[in-house]
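Novice: Just the structure for this:
(one chain, ligands or ions: 2)
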Amino acid sequence: MSDLLTTEEYKSIAASLVLPQNAFIDGGFRPAISGKTFTTTNPATGEALTEVAACNAADVDLAVEKAREAFEDGRWSRLHPAERKDVLIKLAKLMERNARELAVLESIDAGKTIYDCETVDVPETIHVIKWHAELIDKIYDQVAPASDNHIAMIVREPVGVVGLVLPWNFPLLMLAWKIGPALAAGCSVVVKPAAETSLTALRVAELAAEAGLPRGVLNVVTGSGADVGEPLGRHPDVDMVSFTGSTVTGRRFLHYSADSNLKEVVLELGGKNPCIVLDDAEDLDAVAAHVVNGAFWNMGQNCSAGSRLIVHRDIQDRLMERVEAHAREWIVGDPLDPQVRVGALVSPAHFGKVSGYLEAAQSEKILLGGNIVKEGFIEPTIVQTARDSRLAVEEIFGPILTVIQVGSFEEAIAVANDTEYGLAASIFTANGKRALRGARMLRAGTVTVNSFGEGDITTPFGGYKQSGFGGRDNSIHAHDQYTQLKTIWLDLTDNSDAGVD
Ligand SMILES: NC(=O)C1=CN([C@@H]2O[C@H](COP(=O)(O)OP(=O)(O)OC[C@H]3O[C@@H](n4cnc5c(N)ncnc54)[C@H](O)[C@@H]3O)[C@@H](O)[C@H]2O)C=CC1
Ligand code: BAL
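Specialist: Ligands and ions are numbered 1, 2, ... in the order given. All right, here's what the predicted structure looks like:
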C-alpha cells in the first residue's frame, strides 16, 4: 500500500466510486427477485450511499441451487489445487490493484477509519487470500498404518455448499477469513454480508469473477438476518455454515441446523477479553500502548478487544497515567481523515446500544472520556468498576474500557476467567514462569504475553466457552471447517475373500 492521501483526496475517491447494488449470484449481479431494496448509509455522515438488493428466501434458494450445480459438476471443486491457487492469487492481485478503492469503500460503508482500512483491513485481507491460495497445493493426504495386504487412505474432500454469514466490524477481513480457506478447499459458497456493510463483499465477488472464478462458486446474497441469514441457516441443501457475530445469533444457527439437515456449524462469537497487568510488568509505556490499542482499535468493535483491564493495585496509578496519555492521542473524527484513529460506530442502532453503556458509566468512576462527541461518535472512555458490574460483564463492542483492580496473580486469573466468554486474553509480566502459567490457566482461544493481538494468519483463531463452537478460523486448521475426512480402504490380497483389518 502506498502512502496515505489527504482527507480531500479520499473524499474525491469516495465521490467517484461506482457502488455495487445488486446481489451477486451465478457469476453476475442481479436484483432481488422481489425487486425490493434497502438503503445503506455512511455511518459517519448519516447520508445514504446507495440502494442494495433486499434479498429473501427465494434469492437464497437460487444462490444455493447455483452453488450446488457448480459444486457437483466439479468446475471448481474438482480442479487441481494448483489451478484453484492460480485463480485465487489472481484475485489477490486484482484486489491489490484496487486496494485504495476497496479501502475507501470499506471506510464509507462501515465508518471505519481510512487509516485502519489502508494499513490493516485491506492489506491483511489480500494476505489472507494469498496465504490460503499458496497453501492449498501443499497439503498432503495421509496413509494410515495397515498390514501389507491393505492400504488405508485418509483423504480430505471439500465439504460442499457452504453458507458464510459475516459481521459488520471487519467486513473485508472476515470475508477473507472465510472465503480464503473455503474456496481454496474447493467449496462453493453463499456469502451473507451484514446488512450494514454489503458493499465490499459485492465488489470482491466481481473481482473474483474477473480473476476467473467459475460462475456459481462465489455468491453474495444481501439483506437482513431474518430474510437471508435464517433461510441460509435452515437450507436443506447447505452442507455447512461458518458464522461470525453475536453469541445470541450464533446460538440460532445451532437451532437452524438441528431443525433442518444437521449441517455443520462453526461459530466465532463474542468476547469480554481480559488484559491482565501484574505488578512486575516492565516498560509501562509499551504496556499502555497495547492496552489502548486493544481497547479502542476499530472503536472497540472487535470480538477480541481487550475490554477488561485487570490491573494489580501496586501498579495501577503508574499504568493508568500512561494509558490515559496514550488514549488522548487517539483522535476522534472523520474516518476519511488519515490522522483519525476513532471513527463512527457502525449504525445508529449500535450507537444507541453503546450510548446506553456510556450512560451506565456515569454512575461509576470515569477515569477518562465519558462523552458522546456527536451522533455516531463516542470518545475513548475508561471506567473503573467492580468485577461484577454490567460494564465489566457484558460485551459493549464500543470504545469503553473497564478497569478492575486486583491484589494478586491468583485473583487476576480468577477475575479474568469469571466470564461466559473465552475468546482472547493478554497478560503483562516480566516473570516468565508467571507468564506461561497464566497463559495456561486463562480459558481463552488466544493468549498474548506482553502484547495485545490476535495472532496472524498462521495461528488458529477461535474461542473457548460461549465465544466459539465447532472450529477455528485462520491457519491450516481453518481448512478443517471446509473439508471432511474420507477413509478409503484398498484390499491388496490376491484372494478376494480376505477381510479388511
Ligand atoms: N463476534 C463478533 O465479531 C461480533 C459481535 N457482535 C456483537 O453482536 C451485537 C449485535 O450486533 P449484530 O449486528 O446484531 O450481530 P449479529 O450476530 O446479529 O449479526 C451477524 C450476522 O448475522 C446475521 N443475522 C442477524 N440475525 C440473524 C438471524 N436471526 N438469523 C440468521 N442470521 C442473522 C446478520 O445479518 C449478520 O450478517 C454487537 O453489539 C456485538 O456485541 C456483532 C458483530 C460482530
Ligand atoms: N477480531 C476479528 C474477529 C471479529 O472481531 O469478528
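
Novice: use CA for all of it now, contacts and neighbours both
Specialist: Noted.

Novice: Against Val277, how distant is Leu442?
Specialist: Applying CA to CA, to the nearest Å, the value for Leu442 to Val277 is 14 Å.

Novice: So Glu239 versus Thr119, what's the distance?
Specialist: Just so we're on the same page, residue 239 is Asp rather than Glu. For Asp239, the distance to Thr119 - CA to CA - is 35 Å.

Novice: These two - which one has more neighbours?
Specialist: Neighbours per residue (other CA atoms under 10 Å) separate Asp239 from Thr119, with Asp239 holding more: 21 against 16.

Novice: between Leu442 and Val277, which one's more packed in?
Specialist: A count of neighbours by other CA under 10 Å puts Val277 above the other of Leu442 and Val277, at 29 against 22.

Novice: Sort out which residues of stretch 390-407 are buried, please.
Specialist: 391-406 (16 or more other CA atoms under 10 Å).

Novice: Please disregard the earlier target; I meant stretch 231-250.
Specialist: So, applying 16+ other CA under 10 Å, buried residues of stretch 231-250: 231-247, 249-250.

Novice: ok, and which of those reach ligand 1?
Specialist: Near ligand 1, judged by CA under 6 Å from any ligand atom, the entries from the buried residues of stretch 231-250 are 244-246, 249.

Novice: Present those as CSV; the columns should include secondary structure.
Specialist: Shown next, in CSV, are these (DSSP: H, G, I helix; E, B strand; the rest coil):
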residue, secondary structure
Thr244, strand
Gly245, coil
Ser246, coil
Thr249, helix
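
Novice: now do the same end-to-end measure for stretch 21-35.
Specialist: 12 Å.

Novice: Could I get the buried residue list for it?
Specialist: Residues of stretch 21-35 classed as buried by neighbour count (16+ other CA under 10 Å): 21-27, 29-32.

Novice: And the contacts of that stretch?
Specialist: For stretch 21-35, contacts defined as CA atoms under 8 Å, 6 or more residues apart in numbering pick out 50-56, 58-59, 62-63, 66-67, 199, 202, 205-206, 209, 214-222.

Novice: Among the residues you listed, name the ones in strands.
Specialist: Members of the contacts of stretch 21-35 lying in strands (criterion: DSSP state E): 50-53, 218-220.

Novice: ok, so of those residues, who is nearest ligand 1?
Specialist: Within these, distances to ligand 1 taken as CA to the nearest ligand atom reach their minimum at Val220, with 11.5 Å.

Novice: so the closest one touches Pro193, yeah?
Specialist: Yes - look at Val220 against Pro193 with CA atoms under 8 Å: they come within range, at 7.4 Å.

Novice: Residues in contact with both of the two, list them for me.
Specialist: Ala201.

Novice: Tell me who's in contact with the residue positioned nearest the centre of the chain.
Specialist: Nearest to the mean C-alpha position of the chain, by CA atoms, centre = their mean, lies Met174 at 3.8 Å. Applying CA under 8 Å, 6+ apart, we find Met174 in contact with 166-167, 244.

Novice: in the stretch 51-200 of the chain, what residue is nearest ligand 1?
Specialist: Counting by CA to the nearest ligand atom, the stretch 51-200 of the chain gets nearest to ligand 1 through Ala194 (3.4 Å).

Novice: check contacts around the residue nearest to Asp337 when sequence neighbours are not counted.
Specialist: Once flanking residues are discounted, Asp337 sits nearest to Thr7: 4.7 Å by CA to CA, 6 or more residues apart in numbering. By CA under 8 Å, 6+ apart, Thr7 lies in contact with 336-338.

Novice: Are we agreed that Gly271 is in a helix?
Specialist: No - counting by three-state DSSP, Gly271 is not found in a helix; it is coil.

Novice: mind listing the strands in the stretch 301-450 of the chain by residue range?
Specialist: Applying DSSP state E, counting those that start in this stretch to the stretch 301-450 of the chain gives strands spanning 308-312, 365-368, 372-374, 377-378, 381-384, 400-406, 424-428, 446-449.

Novice: pretty sure Arg75 is touching Pro214, no?
Specialist: Yes - contact criterion CA under 8 Å: Arg75 and Pro214 qualify, at 6.8 Å.

Novice: what helix or strand is Gly453 on?
Specialist: Assignment of secondary structure by DSSP states H and E places Gly453 within no helix or strand.

Novice: so what's it up against?
Specialist: Gly294.

Novice: Looking at the contacts of Met174, spot the one nearest Asp227.
Specialist: Closest approach between the contacts of Met174 and Asp227, by CA to CA: Leu166, at 14.4 Å.
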